[in-house]
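Trainee: Structure, please.
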Amino acid sequence: MSEDAPGEALSALLALMARLRDPQRGCPWDREQTFASIAPYTIEEAYEVRDAIERGRPQDLRDELGDLLFQVVFHARMAEERDWFDFASVARSIHDKLVRRHPHVFGAQSSASCGETSAADFDAARQSAQWDDLKARERAQRASEGEAHGAGGAGGTPIPYGPVHATALSELENVPLALPALMRAAKLSRRAARVGFDWEGPAQVREKVMEEIGEIETAIAGGEEGAVAEEIGDLLFAVVNWSRHLAVDPEEALRAANGKFERRFRQMERLARERGVALGTLGAAQWDALWREAKREG
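Mentor: Residues are numbered from 1 along each chain as shown. Below you'll find the predicted structure:
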């Protein structure tokens with residue numbers, strides 16, 4: 001464990017970022033960056049954190065968390081240069097949000113006198129439902145404030161990247177466009193379901209999945225390439241909803257399927273190498289046999 005005080009280490013990182021962005025003495029690359037140019041790196045670093053977790057490598061996780069923290073520091077520094085906000089206000093904002101969204105811990109419900117609604121008895125399912133309710137209220141409040149004061153960044157100045165969205169309240173407000181499509185589909189469908197736009201149960205969603213498969217076949221028969229792509233998109237969205245009704249996270253399910261496919265394919269490659277067989281020379285039956293063998297061996 002590090003002997004450095006967290007505050008000292010963070011102050012040093014903030015000072016380093018300020019130096020990198022210094023107009024005279026800073027790094028040319030860092031000075032030229034904008035919110036838009038840095039955003040892809042921010043997303044990439046978040047995925048690398050996930051990768052380090054899945055690989056079970058604590059040292060890599062430490063390093064990747066550092067890279068992700070630097071992205072937050074980078075964005076906060078650019079915002080501070082524009083007099084929008086600074087890193088301290090970012091930290092205060094998330095602190096206040098977490099207190100606000102955990103009334104069972106920090107509010108009146110956290111006292112032992114609250115009986116079944118105390119923090120000790122507040123299970124994860126109830127907390128998740130409360131979290132969603134509180135987020136919905138916050139979206140409604142932001143929409144109300146936006147209508148009163150106009151959209152945009154601090155001081156009414158729009159952030160110079162991406163569109164400024166209308167402030168009319170929507171249950172689908174603030175579902176990030178940058179999310180992976182599968183994850184975003186799940187989030188959109190959950191939001192819609194909260195206000196009753198949903199199927200009654202998994203059986204009804206399964207019927208929709210089968211309907212979409214039929215529409216793909218019709219589009220294929222019609223020879224319309226754009227229609228096929230659209231119908232495949234509808235099928236994927238329906239499968240996401242089916243997953244939700246079956247209490248399966250579609251993103252996690254697909255990640256697991258990807259991992260399983262990768263393991264089996266690598267096993268086929270190993271088996272082929274051991275037998276001196278070039279993969280490109282295999283026919284369909286040979287591929288199938290090799291796949292079955294790799295599957296048996298796990």
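
Trainee: what about the closest residue to F74 other than its chain neighbours, neighbour count?
Mentor: With C-beta to C-beta, 6 or more residues apart in numbering as the criterion, F74 has its nearest non-adjacent residue at 5.7 Å, and that residue is I38. Using the backbone N, CA and C atoms, a C-beta is placed for each residue, glycine as well. By the measure other C-beta atoms under 10 Å, the count of residues near I38 is 15.

Trainee: I38 and Q24, how far apart?
Mentor: To Q24, I38 is 21 Å away according to C-beta to C-beta, to the nearest Å.

Trainee: about what we covered before: quick one: buried residues of the helix or strand hosting the residue nearest to F74?
Mentor: I38 is part of helix 35-55, with elements assigned from DSSP states H and E. By 16 or more other C-beta atoms under 10 Å, the buried positions in helix 35-55 come out as 35, 42, 45, 48-49, 52.

Trainee: Just the mean pLDDT for it, thanks.
Mentor: Helix 35-55 carries an average pLDDT of 91.

Trainee: And it, how far out from the chain middle?
Mentor: Relative to the chain's own centre, helix 35-55 is displaced by 10 Å; criterion: C-alpha atoms, centre = their mean, to the nearest Å.

Trainee: Can you tell me which helices and strands it packs against?
Mentor: helix 58-81 (3 or more C-beta pairs under 8 Å, 6 or more residues apart in numbering; DSSP states H and E).

Trainee: Just the C-alpha atoms of the helix it packs on, please, in CSV.
Mentor: What follows is helix 58-81, C-alpha atoms only, in CSV (Å, rounded to 0.1, in the frame of the first residue of the first chain):
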residue,chain,number,x,y,z
PRO,A,58,-4.3,-6.1,-9.3
GLN,A,59,-1.3,-4.2,-10.5
ASP,A,60,-2.8,-3.7,-14.0
LEU,A,61,-6.0,-2.6,-12.3
ARG,A,62,-4.1,0.0,-10.3
ASP,A,63,-2.5,1.4,-13.4
GLU,A,64,-5.7,1.4,-15.5
LEU,A,65,-7.6,3.2,-12.7
GLY,A,66,-4.8,5.8,-12.7
ASP,A,67,-5.2,6.2,-16.5
LEU,A,68,-9.0,6.7,-16.0
LEU,A,69,-8.5,9.2,-13.2
PHE,A,70,-6.2,11.1,-15.4
GLN,A,71,-9.0,11.4,-18.0
VAL,A,72,-11.2,13.0,-15.3
VAL,A,73,-8.4,15.3,-14.3
PHE,A,74,-7.9,16.2,-18.0
HIS,A,75,-11.5,17.1,-18.6
ALA,A,76,-11.8,19.0,-15.4
ARG,A,77,-8.7,21.0,-16.3
MET,A,78,-10.1,22.0,-19.7
ALA,A,79,-13.3,23.0,-18.0
GLU,A,80,-11.5,25.1,-15.4
GLU,A,81,-9.6,26.9,-18.2
